[in-house]
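K.L.:
I'll drop the sequence and a predicted model, then ask my questions.
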Amino acid sequence: MADLPTSSIDMILCDLPYGTTANAWDKVIPFEYLWGQYERLIKPQGAIVLTATERFSADLVQSNPALYRYKWVWIKNTVTNFVNAKNRPLSRFEEILVFSKAGTANFGNSPDTKGMNYFPQGLLPYNKTVNSRKYENSNQLHPRNAPDTYTQEWTNYPSDVLNYKSDRTGWHPTQKPVDLFSLPHQDLHPAGRNRSG
């Protein structure tokens, strides 16, 4: 990574070792080194997308809370962690954590407040007038001075829950399905700008 040019990467997508097993390959990479390289390489609106499960998820977010933006939850078609079935619930999901130097909001569509890259897939044209919801005691969610109506251009926005079958074809015991990673690539990489489904 050290040989790659600074601010040259649109998206980093990595399935890091979580440090949750006794396997020799499952050793957590020191966060200071990772973030030093990731922050150097990523473009200002780029995304750093990392898979995780709890305890590792919490540690990863706490290692760089300033860049943490949101997560997807991957619901698997199989359960794992049978070795602990008598002591805790089986695991059926993993998380995909998203980090960025830019925020997730683009207030007023100003170039000065450009948010991180996000190009949601599968949108359908809507172009309907929608009434704004205003709350008298809050200026955070919908400001009181917001227009009474606005035009909603698109519908069918994706949620943060992903359903993909686990890949049991077997190069690696924690291997993720290729299709699972196609969504972050399309939603967060500039090549995914074609929004309609």
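P.N.:
Noted; the coordinates are in hand. Since the structure is predicted, the reported quantities are computational estimates derived from the model, not experimental observations.

K.L.:
ok now the lengthiest strand in the chain, how far from the chain's centre?
P.N.:
Secondary structure of the chain read by DSSP state E shows that its longest strand is strand 68-80. Mean-position distance between strand 68-80 and its chain equals 10 Å (C-alpha atoms, centre = their mean, to the nearest Å).

K.L.:
list the buried ones in stretch 71-87?
P.N.:
Lys71, Trp72, Trp74, Lys76, Thr80 (16 or more other C-beta atoms under 10 Å). Where C-beta positions appear, they are placed from N, C-alpha and C, glycine not excepted.

K.L.:
of these, closest to Arg88?
P.N.:
Thr80 (11.7 Å; C-beta to C-beta).

K.L.:
Now for the closest one: which residues touch it?
P.N.:
By C-beta atoms under 8 Å, 6 or more residues apart in numbering, the residues touching Thr80 are Leu90, Ser91, Arg92.

K.L.:
And Ser8, by the same measure?
P.N.:
Leu41, Lys43.

K.L.:
same thing with Arg40?
P.N.:
So Arg40 contacts Thr6, Ser7 (C-beta under 8 Å, 6+ apart).

K.L.:
and it, which of the three is it?
P.N.:
Put simply, Arg40 is helix when judged by DSSP: H, G, I helix; E, B strand; the rest coil.

K.L.:
where's it relative to Tyr164, distance?
P.N.:
31 Å (C-beta to C-beta, to the nearest Å).

K.L.:
likewise Asn64?
P.N.:
26 Å.

K.L.:
Asp26 now?
P.N.:
For Asp26, the distance to Tyr164 - C-beta to C-beta - is 22 Å.

K.L.:
per-residue confidence at Ala146?
P.N.:
Per-residue pLDDT puts Ala146 at 69.

K.L.:
so what are the domain limits for the protein?
P.N.:
In terms of domains, the chain is parsed into 9-120+158-192, 123-157 (source: automatic domain parsing).

K.L.:
Tell me, how many residues neighbour Asp15?
P.N.:
Close neighbours of Asp15, defined as other C-beta atoms under 10 Å, add up to 17.

K.L.:
now it: how far from Glu94?
P.N.:
Distance from Asp15 to Glu94, by C-beta to C-beta: 9 Å.

K.L.:
hey, what's in contact with both of those two?
P.N.:
Thr51.

K.L.:
Remind me which helix or strand the residue most central in space within the chain belongs to.
P.N.:
What sits nearest the mean C-alpha location of the chain, by C-alpha atoms, centre = their mean, is Val98, with 3.3 Å. In the assignment (DSSP states H and E), Val98 maps to strand 91-99.

K.L.:
Tell me which other helices or strands the helix or strand that that strand is followed by touches.
P.N.:
Later in the chain than strand 91-99, the nearest helix or strand by DSSP H and E is strand 124-131. Contact analysis of strand 124-131 by 3 or more C-beta pairs under 8 Å, 6 or more residues apart in numbering; DSSP states H and E lists strand 149-155 as its packing neighbours.

K.L.:
Which residues does Glu94 form beta bridges with?
P.N.:
Trp74 (DSSP bridges).
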